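J.: Give me a model of this one.
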Amino acid sequence: MFRNSFDLFDDFFNDMYGEPFTKKESAERKVPQLMRTDVLEKDGQYLLDIELPGYSRDEVEAELKDGYLTIAAMKQKTVENQDTKTNYIRKERYTGSMKRTFYVGEDVTEKDIQAAFKDGILKVMINKPKPKELTDERKFIPIL
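T.: Purely as a prediction, here's the structure:
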(Lines give C-alpha, C1' and ligand atoms only; values in the text may rest on other atoms or scores of the structure.)
Protein backbone atom coordinates (compact mmCIF):
# COMPACT_ATOMS: atom_id res chain seq x y z
CA MET A 1 0.00 0.00 0.00
CA PHE A 2 1.31 3.46 -0.88
CA ARG A 3 1.91 5.75 2.07
CA ASN A 4 1.36 9.41 1.42
CA SER A 5 3.70 10.66 4.11
CA PHE A 6 7.19 9.77 5.18
CA ASP A 7 7.21 8.97 8.91
CA LEU A 8 10.70 8.95 10.34
CA PHE A 9 9.65 7.33 13.60
CA ASP A 10 7.88 4.41 11.92
CA ASP A 11 11.01 3.71 9.91
CA PHE A 12 13.25 4.07 12.95
CA PHE A 13 11.33 1.52 15.00
CA ASN A 14 10.76 -0.81 12.07
CA ASP A 15 14.48 -0.80 11.39
CA MET A 16 15.33 -1.19 15.08
CA TYR A 17 13.31 -4.38 15.51
CA GLY A 18 13.78 -5.69 12.01
CA GLU A 19 16.85 -6.02 9.89
CA PRO A 20 18.17 -2.46 9.70
CA PHE A 21 21.16 -3.06 7.44
CA THR A 22 20.00 -5.89 5.27
CA LYS A 23 16.44 -4.77 4.53
CA LYS A 24 15.85 -5.11 0.79
CA GLU A 25 12.91 -2.66 0.69
CA SER A 26 13.30 0.04 -1.91
CA ALA A 27 13.96 3.46 -0.41
CA GLU A 28 12.63 4.98 -3.63
CA ARG A 29 9.14 3.74 -2.77
CA LYS A 30 9.16 5.60 0.55
CA VAL A 31 10.31 8.96 -0.78
CA PRO A 32 7.31 11.10 -1.74
CA GLN A 33 7.55 11.87 -5.44
CA LEU A 34 5.34 14.91 -5.12
CA MET A 35 6.74 18.41 -5.33
CA ARG A 36 5.41 20.03 -2.19
CA THR A 37 3.97 23.40 -3.16
CA ASP A 38 2.59 26.45 -1.38
CA VAL A 39 0.34 28.68 -3.50
CA LEU A 40 -0.32 32.25 -2.44
CA GLU A 41 -2.26 35.11 -4.00
CA LYS A 42 -0.80 38.57 -3.44
CA ASP A 43 -0.76 41.93 -5.24
CA GLY A 44 -2.24 40.67 -8.51
CA GLN A 45 0.04 37.62 -8.65
CA TYR A 46 -0.03 33.96 -7.82
CA LEU A 47 3.12 32.88 -5.97
CA LEU A 48 4.22 29.26 -5.96
CA ASP A 49 6.95 27.96 -3.66
CA ILE A 50 7.89 24.47 -4.83
CA GLU A 51 10.26 22.30 -2.77
CA LEU A 52 12.94 20.59 -4.83
CA PRO A 53 15.61 19.64 -2.30
CA GLY A 54 18.79 18.17 -3.73
CA TYR A 55 18.18 19.56 -7.22
CA SER A 56 20.24 22.21 -8.97
CA ARG A 57 18.82 24.92 -11.23
CA ASP A 58 20.06 23.04 -14.31
CA GLU A 59 17.97 19.99 -13.36
CA VAL A 60 14.66 21.91 -13.21
CA GLU A 61 12.53 22.91 -16.19
CA ALA A 62 9.29 24.91 -16.51
CA GLU A 63 7.02 24.76 -19.56
CA LEU A 64 3.78 26.56 -20.39
CA LYS A 65 1.45 24.89 -22.89
CA ASP A 66 -2.31 25.29 -23.48
CA GLY A 67 -2.83 27.05 -20.14
CA TYR A 68 -0.93 24.45 -18.11
CA LEU A 69 2.36 25.17 -16.34
CA THR A 70 4.46 22.02 -15.97
CA ILE A 71 7.42 21.89 -13.62
CA ALA A 72 9.78 18.96 -14.24
CA ALA A 73 12.89 17.90 -12.33
CA MET A 74 15.41 15.28 -13.43
CA LYS A 75 18.11 13.84 -11.16
CA GLN A 76 20.69 11.72 -12.95
CA LYS A 77 22.22 8.70 -11.30
CA THR A 78 25.68 9.55 -10.08
CA VAL A 79 28.46 7.19 -11.02
CA GLU A 80 30.79 6.82 -8.10
CA ASN A 81 34.14 5.16 -8.20
CA GLN A 82 34.08 2.35 -5.71
CA ASP A 83 36.90 0.19 -4.63
CA THR A 84 36.26 -3.53 -4.30
CA LYS A 85 36.03 -3.28 -0.50
CA THR A 86 33.21 -0.67 -0.51
CA ASN A 87 29.60 -1.80 -0.55
CA TYR A 88 26.49 0.32 -0.09
CA ILE A 89 24.34 -0.80 2.80
CA ARG A 90 21.48 1.53 1.92
CA LYS A 91 20.91 4.24 -0.70
CA GLU A 92 18.06 6.66 -0.09
CA ARG A 93 18.86 9.61 -2.34
CA TYR A 94 16.37 9.84 -5.16
CA THR A 95 17.41 9.63 -8.80
CA GLY A 96 14.99 9.88 -11.66
CA SER A 97 12.42 12.40 -12.81
CA MET A 98 9.22 13.90 -11.50
CA LYS A 99 6.83 16.55 -12.70
CA ARG A 100 3.80 18.47 -11.58
CA THR A 101 1.28 20.43 -13.63
CA PHE A 102 -0.79 23.46 -12.64
CA TYR A 103 -3.62 24.99 -14.63
CA VAL A 104 -2.88 28.74 -14.85
CA GLY A 105 -5.34 29.72 -17.59
CA GLU A 106 -5.12 30.10 -21.32
CA ASP A 107 -4.70 33.88 -21.08
CA VAL A 108 -1.35 33.52 -19.26
CA THR A 109 1.74 33.81 -21.47
CA GLU A 110 5.42 33.18 -20.84
CA LYS A 111 5.84 36.94 -20.29
CA ASP A 112 3.46 36.72 -17.32
CA ILE A 113 5.64 34.18 -15.49
CA GLN A 114 8.94 34.68 -13.68
CA ALA A 115 10.84 31.96 -11.85
CA ALA A 116 13.86 31.82 -9.56
CA PHE A 117 15.59 28.85 -7.95
CA LYS A 118 17.52 29.15 -4.69
CA ASP A 119 18.31 26.77 -1.81
CA GLY A 120 16.14 23.95 -3.18
CA ILE A 121 13.04 26.14 -3.56
CA LEU A 122 11.63 27.10 -6.95
CA LYS A 123 9.73 30.38 -6.65
CA VAL A 124 7.30 31.04 -9.48
CA MET A 125 5.47 34.35 -9.84
CA ILE A 126 2.48 34.40 -12.20
CA ASN A 127 0.74 37.65 -13.05
CA LYS A 128 -2.99 37.17 -12.76
CA PRO A 129 -4.69 37.72 -16.08
CA LYS A 130 -6.91 40.78 -16.16
CA PRO A 131 -10.57 39.84 -16.38
CA LYS A 132 -12.10 40.42 -19.74
CA GLU A 133 -14.77 43.06 -19.83
CA LEU A 134 -18.15 41.60 -20.53
CA THR A 135 -20.19 43.74 -22.82
CA ASP A 136 -23.89 43.64 -22.58
CA GLU A 137 -24.24 44.20 -26.28
CA ARG A 138 -27.27 42.80 -27.96
CA LYS A 139 -26.50 40.83 -31.06
CA PHE A 140 -29.28 40.19 -33.49
CA ILE A 141 -29.39 37.20 -35.76
CA PRO A 142 -30.89 37.80 -39.16
CA ILE A 143 -33.94 35.68 -39.89
CA LEU A 144 -34.28 34.65 -43.48
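J.: what about the most centrally placed residue in the chain, distance to Leu52?
T.: By Cα atoms, centre = their mean, the chain has its centre lying nearest to Met35, at 3.1 Å. Distance of Met35 to Leu52, computed by Cβ to Cβ, to the nearest Å: 6 Å. Heads up, the C-betas are built off the backbone N, CA and C, glycines and all.
J.: any shared contact partners between those two?
T.: Ala73 (Cβ atoms under 8 Å, 6 or more residues apart in numbering).
J.: Report the beta-bridge partners for the residue nearest to Ile113 when sequence neighbours are not counted.
T.: Nearest non-adjacent residue to Ile113, counting by Cβ to Cβ, 6 or more residues apart in numbering: Ile126, 5.2 Å away. Taking DSSP bridges as the rule, Ile126 bridges to Tyr46, Ile113.
J.: where does this structure dip in pLDDT?
T.: 1-33, 78-83 (pLDDT under 70).
J.: repeat that with 50
T.: For the chain, applying pLDDT under 50 flags the ranges 1-10, 12-13, 19-29, 31.
J.: can you give me the helices in it?
T.: With helices called from DSSP state H, the chain shows them at 8-17, 27-30.
J.: Report the contact partners of Thr70.
T.: Counting by Cβ under 8 Å, 6+ apart, Thr70 has contacts 62-64, 99-102.
J.: how does it look with 7 Å?
T.: 63, 99, 101 (Cβ atoms under 7 Å, 6 or more residues apart in numbering).
J.: any idea which of those residues is closest to Leu40?
T.: Lowest distance from Leu40 to the contacts of Thr70 (Cβ to Cβ) belongs to Thr101, with 18.7 Å.
J.: was I right about the closest one contacting Tyr68?
T.: Yes: contact status for Thr101 versus Tyr68: in contact at 5.2 Å, counting by Cβ atoms under 7 Å.
J.: coming back round to it: format the contacts of Thr70 as JSON lines; extra columns: distance to Arg57 and neighbour count.
T.: Shown next, in JSON lines, are these (distance: Cβ to Cβ, whole Å; neighbours: other Cβ atoms under 10 Å):
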{"residue": "Glu63", "distance to Arg57": "15", "neighbour count": "12"}
{"residue": "Lys99", "distance to Arg57": "16", "neighbour count": "13"}
{"residue": "Thr101", "distance to Arg57": "20", "neighbour count": "12"}
